[in-house]
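S.K.: Predicted model and sequence follow; I will ask about them next.
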Number of protein chains: 2
Amino acid sequence: MAKRKAVSIKDIAKASGSSLTTVSLVLNSRDRRISQPTRQRVLDAVERLGYRPSRLAQALQSQRAGLLAVLVPELRHAFADVYFGELISAIHDEASEAGYKVLLEVAHPRFIDAGQHLEIFDRRFIDGMLCLGVTSFNSYLSAFEDGTRPMLLVNNYVDGLELNHVRCDYRAAGRIAAEHLLANGHRRVGLVRAALEVQTMVDLISGFTSAMAAAGAPIDQANIVDGLYTEDGGAAAAAELIRRQPDLTALLAGNDKMAIGAIAGLKAAGRRVPDDVSVIGCDDIHQGEFCDPPLTTVHTPIYDMGRSACRRLLEIIGSPTSTVREVHPVSLTVRKSVARQSS
Amino acid sequence: MAKRKAVSIKDIAKASGSSLTTVSLVLNSRDRRISQPTRQRVLDAVERLGYRPSRLAQALQSQRAGLLAVLVPELRHAFADVYFGELISAIHDEASEAGYKVLLEVAHPRFIDAGQHLEIFDRRFIDGMLCLGVTSFNSYLSAFEDGTRPMLLVNNYVDGLELNHVRCDYRAAGRIAAEHLLANGHRRVGLVRAALEVQTMVDLISGFTSAMAAAGAPIDQANIVDGLYTEDGGAAAAAELIRRQPDLTALLAGNDKMAIGAIAGLKAAGRRVPDDVSVIGCDDIHQGEFCDPPLTTVHTPIYDMGRSACRRLLEIIGSPTSTVREVHPVSLTVRKSVARQSS
DNA sequence: CTGAAAGCGCTAACAC
DNA sequence: GTGTTAGCGCTTTCAG
């Protein structure tokens, strides 16, 4: 029960009959060769007393916290989202391999308003930060433009702000989705979009609509509905689309959550998927594989991107002058939710 | 770009023409009244130079890291799970209100084997730890029985180990589910369970089966199938149950994920829910509200439990002698997935 | 090959 | 009221 009193390097020095320096040298195996016997005496003492160097003291000395923060948006339980969750897993995996630990932060208004997002840097609590799910509404981001605090946006960027980021090519994603629908004979298609303050969503929409238009099948504004990034929203949006334009034969949903919702919404409205209406999603989350029908979607390398983002952040920390703009390619994952349109 | 060189308390002392102590006293507003003019001079200097006390140095001095770790099991992307996610959100909210930050750790074999779960304590990196999703297979937990490192299990416990925990009453949950089914006339019921190394699952099963047995409607072992804690597993388990025992009129799933899967599985097998087969879940996750039919389930106060767990951990940190065994009551949330059995 | 001593940035007895 | 000083636990010149 009692708080085992911490054993410090001083205790080891005493116990092994050597000096602080010697102990430190042995432990950090600085090549300044310590004689084998001395080394052994130190190591024995360490073992015997169960000594563990204080990470705090080391951090203070080295001016490295060994900590990275992940900032997630303030959504209802942002951590309970598969997309963010997979990114966080990836970041955690990469960070721990590099000897860093991961701190969680939520972009609560009170967190931001108090300037905490800067404080954690300035108080030398963290070495760098990864921001997930940012939008152009997040005005606090501009404070990072001077590159003075190592920060990187994950799978997003903000038009007009010079911020490091690693993301997927959502414009290509939109184009690929359009090409797949066109190749299957679909020309009357709808789009379940989401928030326009998310730059990658804007890219997806523009990639999609311009590819459709280029093929002579432009998309009417009325056939673009907001699905709020949620399943329910996707369901409602799909229902609305089909109401506005009953002869739609296919639709793209801006992410898989909305696509899964859209499938449910279409079914509820009495349409068969994909026989009556085809659905294509974007992201390729795990769940898409198991819905009915299995979801055809544009694959984004979420996990790899997360790892890459973390790796790049560590590079920035190592060399503050470097700047990163990394764009990952996307691809098509064909399953069963898109059918050939014969009419 | 250049790394702004950190301004320290010493710089403030110099700039304000006072001593280190004075500055420290002013900043920590220790009541030793510093004269108003001096105080103002210090504050001005702080403002002007943009001084931020180093959290590292403070931590070293105070021997408090201000950090809590959350240890999640090594599942495929554990962070991408609504249940863990909600718990993490709750913990984060409570911790940040108390001025603590939250570190993420995953119970990878290599993390545990390296003894990292103890190291982060012994190297004074964290002040306490919260463990999610533990099972009796996690033998490393016994190292915490001596109470020497502040740790607490969240919504679980391990039979035979004396560990702090905050959890729900899953035995009662099983009983409540049984009572609700019985009250609706169901007597031929099945159970989609999950891993028996999870103590709360064992409790749920025992609460459920003994209540059914007590009512003269005992559950045959053949009517208990493993749903693996997943949607797919739940679907497969429900299909299997209905194959083994075609006249089942209801089933309990050990959590809502499996319940949602079970509904899909039953539908796929041609049964209507709840007209042919009723389904009751356990946990009350957000998604249950939106599935078809909306899920009747045993409500567990996940978020509140997470907050409470965190609060209790902080108490333990404050007073290492205290021991916590907190059990939260559960209740019934009636929606549409359980119907009256008329036959 | 090893030890003494300074310093990382901050706090808090203890003087003046 | 304010300053001096001694740590917190560690790393790292710089002498011996």
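M.R.: On my side now, so go ahead.
S.K.: Residue A:326 should be in a helix, yeah?
M.R.: No. Counting by DSSP: H, G, I helix; E, B strand; the rest coil, residue A:326 is not part of a helix but strand.
S.K.: beta partners for it?
M.R.: residue A:166 (DSSP bridges).
S.K.: which stretches of chain A form strands?
M.R.: In chain A, the strands defined using DSSP state E lie at A:67-72, A:101-106, A:128-132, A:151-154, A:165-168, A:189-193, A:224-226, A:250-253, A:278-283, A:296-299, A:325-328, A:331-333.
S.K.: wait, which of these is closest to residue A:49?
M.R.: strand A:101-106 (25.3 Å; CB to CB). All C-beta spots, glycine's among them, are computed from the backbone N, C-alpha and C.
S.K.: The closest one: how far from the chain's middle?
M.R.: 13 Å (CA atoms, centre = their mean, to the nearest Å).
S.K.: strand partners of it, parallel vs antiparallel please.
M.R.: Here, using DSSP bridges, strand A:101-106 pairs with strand A:67-72 (parallel), strand B:101-106 (antiparallel).
S.K.: Can I get those strands in a markdown table including distance to DNA strand D?
M.R.: Below are these laid out as a markdown table (distance: least, CB to the nearest atom of the strand, whole Å):
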| stretch | distance to DNA strand D |
| --- | --- |
| strand A:67-72 | 17 |
| strand B:101-106 | 20 |
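S.K.: Export the ones you listed to JSON lines and append columns for mean pLDDT and mean neighbour count.
M.R.: What follows is the strands paired with strand A:101-106, written out as JSON lines (pLDDT from 0 to 100; neighbours: other CB atoms under 10 Å in any protein chain shown):
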{"stretch": "strand A:67-72", "mean pLDDT": "96", "mean neighbour count": "24"}
{"stretch": "strand B:101-106", "mean pLDDT": "95", "mean neighbour count": "22"}
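S.K.: okay, the ones you listed in a markdown table with distance to residue A:302 next?
M.R.: Listed next are the strands paired with strand A:101-106 as a markdown table, based on distance: least, CB to CB, whole Å:
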| stretch | distance to residue A:302 |
| --- | --- |
| strand A:67-72 | 14 |
| strand B:101-106 | 17 |
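S.K.: can you pull out the helices in chain A?
M.R.: Listed in chain order, the helices of chain A (DSSP state H) span A:9-16, A:20-27, A:36-49, A:55-62, A:82-97, A:109-113, A:116-122, A:170-183, A:199-214, A:231-244, A:256-268, A:302-318.
S.K.: Now do the fourth one against strand A:101-106, angle only.
M.R.: Compare the direction of helix A:55-62 with that of strand A:101-106 by axes from the mean of the first three to the mean of the last three CA atoms, to 10 degrees and you get 90 degrees.
S.K.: now the fifth one
M.R.: Angle between the axes of helix A:82-97 and strand A:101-106 is 150 degrees (criterion: the same axes, to 10 degrees).
S.K.: buried ones in helix A:82-97?
M.R.: A:82-96 (16 or more other CB atoms under 10 Å in any protein chain shown).
S.K.: what's the answer for the longest one, then?
M.R.: Residues of helix A:302-318 classed as buried by neighbour count (16+ other CB under 10 Å): A:302-303, A:305-317.
S.K.: again, but for the fourth one
M.R.: By neighbour count, with 16+ other CB under 10 Å as the criterion, the buried positions of helix A:55-62 are A:55-57, A:59-60.
S.K.: just the shortest one next, same as before
M.R.: Buried positions in helix A:109-113, judged by neighbour count with 16+ other CB under 10 Å: A:111-112.
S.K.: Dump it to CSV, keeping only the CA atoms.
M.R.: Included here for helix A:109-113 are C-alpha records, laid out as CSV according to Å, rounded to 0.1, in the frame of the first residue of the first chain:
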residue,chain,number,x,y,z
PRO,A,109,-14.4,25.5,-27.1
ARG,A,110,-13.1,25.9,-23.6
PHE,A,111,-9.9,24.1,-24.6
ILE,A,112,-9.3,26.4,-27.6
ASP,A,113,-10.5,29.6,-26.0
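S.K.: what mean pLDDT would you report for that helix?
M.R.: The average pLDDT for helix A:109-113 rounds to 93.
S.K.: Kindly report the same for the second one.
M.R.: With pLDDT averaged residue by residue, helix A:20-27 scores 85.
S.K.: outside of it, which residues touch it?
M.R.: Here helix A:20-27 makes contact (CB atoms under 8 Å, 6 or more residues apart in numbering or on different chains) with A:9-10, A:12-13, A:16, A:32, A:34, A:38-39, A:42-43, A:46, A:53.
S.K.: returning to what we had before: near DNA strand D, from the buried residues of helix A:55-62?
M.R.: Applying CB under 7 Å from any atom of the strand, the subset of those adjacent to DNA strand D comprises A:56-57, A:60.
S.K.: DNA strand C contacts on chain A?
M.R.: Residues of chain A lying near DNA strand C (CB under 7 Å from any atom of the strand): A:17-22, A:25, A:32-35, A:37-39, A:57, A:60-61, A:63.
S.K.: From residue A:151, how far off is the residue of the stretch 201-343 of chain A found nearest DNA strand C?
M.R.: Proximity to DNA strand C, evaluated over the stretch 201-343 of chain A using CB to the nearest atom of the strand, is greatest for residue A:320 at 16.7 Å. Distance from residue A:320 to residue A:151, counting by CB to CB, to the nearest Å: 11 Å.
S.K.: Tell me which residue lies nearest the centroid of chain A.
M.R.: residue A:87 (3.9 Å; CA atoms, centre = their mean).
S.K.: ok, and the closest non-adjacent residue to that residue?
M.R.: residue A:306 (4.3 Å; CB to CB, 6 or more residues apart in numbering or on different chains).
S.K.: What residues are bridge-paired with residue A:151?
M.R.: On the basis of DSSP bridges, residue A:151 is bridged to residue A:129.
S.K.: from what I can see it touches residue A:128, true?
M.R.: Yes. Here residue A:151 reaches residue A:128: they are 6.7 Å apart, a contact under CB atoms under 8 Å.
S.K.: So for these two, which residues contact both of them?
M.R.: residue A:313.
S.K.: Kindly state the pLDDT recorded for the residue lying closest to residue A:150 once chain neighbours are set aside?
M.R.: Spatial nearest neighbour of residue A:150, chain neighbours left out: residue A:128 (3.8 Å); criterion: CB to CB, 6+ apart. Listed pLDDT for residue A:128 reads 97.
S.K.: wait, residue A:128 sits on residue A:315?
M.R.: No. Counting by CB under 8 Å, residue A:128 stays clear of residue A:315, with 10.0 Å between them.
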